[in-house]
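> What shape does this take:
(one chain, ligands or ions: 1)
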Amino acid sequence: MYSIYIHIPFCRSRCIYCDFYSTTLGRDTMIAYVRALEKEMCRRRHYIKCTRVHSLYIGGGTPSLLPLDVLEGILSSVGQYFELDADAEVTIEANPDDVTPEWLDGLSHTPVNRISMGAQTFNDRLLRFLSRRHDASQTVKAVEACKEAGITNISLDLIYGLPGQTMNDWQSDVEQAISLGITHLSAYALSYEEGTPLDKMLRRGDVEEADEELSRQMYNHLIAATRQAGFLHYEISNFALPGFHSRHNSSYWQGIPYLGLGAGAHSYDGFRSRRANLPDIKAYIAANSNVPNDERLLNDVPHEVEVLSDAEFYDEFVMTRLRTSNGIPLDELSDDDRSYCLKQAEPHLAKHLLEVHNGHLCLTQEGIFTSNDIISDLMK
Ligand code: SF4
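Prediction:
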């Protein structure tokens, strides 16, 4: 069983905090890109040595910008080259203002059964500040339209710790998200990624980072409110109603192999090899622009491969597993690694930032807030 990720690196406009690989190039480039995607599928279909695809995730960028016929073309290529499980989770990321009844009607002829929307906040002033192109009412309408169209597995993204965001603002964001009847919520603290316009504003002193204590209170409120609404807190930033955790994201955290297609997409073979396609749309398209769809003739797209050493493999194992509520399964570590891990964990166990449950080393709620420091202490 494995996952496929397809990267659609196009956005209508750029949000000031975002460092994901995407461009605002037009429809011709989009169509050439999708042709190149099909060629990559043809060439790399055997990257993972098993046939069952249990999740497909179309992310970006803004995949909901794709004209429906173009999206259908991608999904039909997936059907041609891969074997999707009958009950596969098939997610598309969407911007709320793209989610119209017409778009949803088009989706109903495809295997898409889950929509992940970047709501970010329900405060219009903060949405404008972030240069989002939607407003709060469009998110509400989009969720309602999805449900009317029969897509009930809906995830929203929220951001907390925004400049000027108060505790009341955040409580209202969480309440509104939950009240929409979604099945999954991802919530992230705002981060100032190097090179983004937001980071430049911070360096110029135009904005201030949120107070650490306020961010902690916001996070604690999120945990309490989602728990009360019946959500399971299954990963540091992710909450789901029972049975609705994201299979795709869980693949990353459980070491399940995944095939990443598209410029900037990452793949993992399930053993020691990671691969990153270079984030360069033009080079990606050019690699096979005049080559027929024949896997024997097609060139590989520009990429880099990293083979993990024992220490890097251990570090990744610790980092990905500790983010989840399941924690680190200690019996899956070698004797030496387990001793090392528990030795490093001692000070955090003593402070109740970590705990051992049924042979799994887990973060406590208090520990979650300093998880980056704890993870770095457990690494080699
Ligand atoms: S946050 Fe989403 S919509 Fe905004 S620039 Fe990044 S990928 Fe595009």
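> Can you tell me which residues in the stretch 1-150 of the chain are near the ligand?
Residues of the stretch 1-150 of the chain found near the ligand (Cβ under 6 Å from any ligand atom) are Cys11, Arg14, Cys15, Cys18, Phe20, Ser22, Gly60, Gly61, Thr62, Asn95, Gly118. Just so you know, the C-beta spots here come from the backbone N, C-alpha and C atoms, and that holds for glycine as well.
> from memory the second one sits against Leu130, does it?
No: Arg14 sits out of contact with Leu130 when judged by Cβ atoms under 8 Å, with a separation of 10.6 Å.
> Between these two, which is the more surrounded one?
For the pair Arg14 and Leu130, the greater number of neighbours falls to Leu130 (21 against 14), based on other Cβ atoms under 10 Å.
> residues touching that one, list them.
Counting by Cβ atoms under 8 Å, 6 or more residues apart in numbering, Leu130 makes contact with Cys15, Ile16, Tyr17, Gln120, Thr121, Ile159, Leu162.
> Then Tyr47?
For Tyr47, the contacting residues are Leu259, Ser267, Asp269, by Cβ under 8 Å, 6+ apart.
> Can you name every helix or strand that the helix or strand hosting the first one contacts?
When secondary structure is defined by DSSP states H and E, Leu259 falls within strand 258-261. With contacts taken as 3 or more Cβ pairs under 8 Å, 6 or more residues apart in numbering; DSSP states H and E, strand 258-261 sits against strand 2-8, helix 27-44, strand 266-268, strand 273-277.
> Need the residues that contact it.
For strand 258-261, the surrounding residues in contact (Cβ under 8 Å, 6+ apart) are 2-7, 37, 40-41, 44, 47-48, 251-252, 266-268, 275-277.
> Separate out the buried members of those.
Applying a neighbour-count criterion of 16 or more other Cβ atoms under 10 Å, the buried members of those are 2-7, 37, 40-41, 44, 47-48, 251-252, 266-268, 275, 277.
> re the thing from before, need the buried ones from the residues of the stretch 1-150 of the chain next to the ligand selected in PyMOL.
Below is the selection syntax for PyMOL that covers the buried ones among these, with 16+ other Cβ under 10 Å defining burial:
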select buried, resi 11+15+18+20+22+60+61+62+95+118
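> Return the subset of the residues of the stretch 1-150 of the chain next to the ligand lying in strands.
Here DSSP state E is the test, and these give Gly60, Gly118 as lying in strands.
> quick check, stretch 183-198 touching the ligand?
No: contact between stretch 183-198 and the ligand, assessed by Cβ under 6 Å from any ligand atom, is absent, since the two come no nearer than 9.5 Å.
> In three-state terms, label the residue nearest the centre of the chain for me.
Centroid-nearest residue in the chain, with Cα atoms, centre = their mean: Asn249, separated by 6.2 Å. Look at Asn249: counting by DSSP: H, G, I helix; E, B strand; the rest coil, its state is helix.
> just the buried members of the contacts of Leu130?
Buried among those by 16+ other Cβ under 10 Å: Cys15, Tyr17, Gln120, Thr121, Ile159, Leu162.
> need the contact list for the fourth one.
Contacts were defined as Cβ under 8 Å, 6+ apart; by that measure Thr121 touches Leu127, Leu130, Ala136, Leu158, Ile159, Leu162, Gln165, Asp169, Asp173.
> with those residues in mind, which one is nearest to Asp87?
Comparing the contacts of Thr121 against Asp87 with Cβ to Cβ places Leu158 closest, at 28.1 Å.
> Next, work out how far apart the residue in the stretch 201-350 of the chain positioned nearest to the ligand and Arg274 are.
Among the residues of the stretch 201-350 of the chain, Gly264 lies closest to the ligand, at 11.1 Å counting by Cβ to the nearest ligand atom. To Arg274, Gly264 is 14 Å away according to Cβ to Cβ, to the nearest Å.
> Between which two of the contacts of Leu130 is the distance greatest?
When the contacts of Leu130 are compared pair by pair using Cβ to Cβ, the two farthest from each other are Ile16 and Thr121, 13.5 Å apart.
> Remind me which helix or strand Arg128 belongs to.
Counting by DSSP H and E, Arg128 is found in helix 124-129.
> What residues sit buried inside that helix?
Of the residues in helix 124-129, those buried (16+ other Cβ under 10 Å) are Leu126, Leu127, Phe129.
> Quick check: mean pLDDT of it?
Average pLDDT, helix 124-129: 97.
> Then stretch 202-214?
Taken as a whole, stretch 202-214 carries a mean pLDDT of 94.
> Equivalent analysis for stretch 345-358, please.
Mean per-residue pLDDT for stretch 345-358: 96.
> Just the buried residues of it, please?
Neighbour counts over stretch 345-358 (16+ other Cβ under 10 Å) mark Ala345, His348, Leu353, Leu354 as buried.
> and if you look at stretch 207-226?
Residues of stretch 207-226 classed as buried by neighbour count (16+ other Cβ under 10 Å): Val207, Ala210, Ser215, Arg216, Met218, Tyr219, His221, Leu222, Ala225, Thr226.
> Kindly report the same for stretch 250-266.
Of the residues in stretch 250-266, those scored as buried under the neighbour-count criterion (16+ other Cβ under 10 Å) are 250-253, 255-266.
> One more: stretch 75-86?
Of the residues in stretch 75-86, Leu75, Ser77, Val78, Tyr81, Phe82, Leu84 count as buried by neighbour count, 16+ other Cβ under 10 Å.
> Repeat that for stretch 187-205.
Of the residues in stretch 187-205, those with enough neighbours to count as buried (16+ other Cβ under 10 Å) are Ala187, Ala189, Leu190, Thr196, Leu198, Asp199, Met201.
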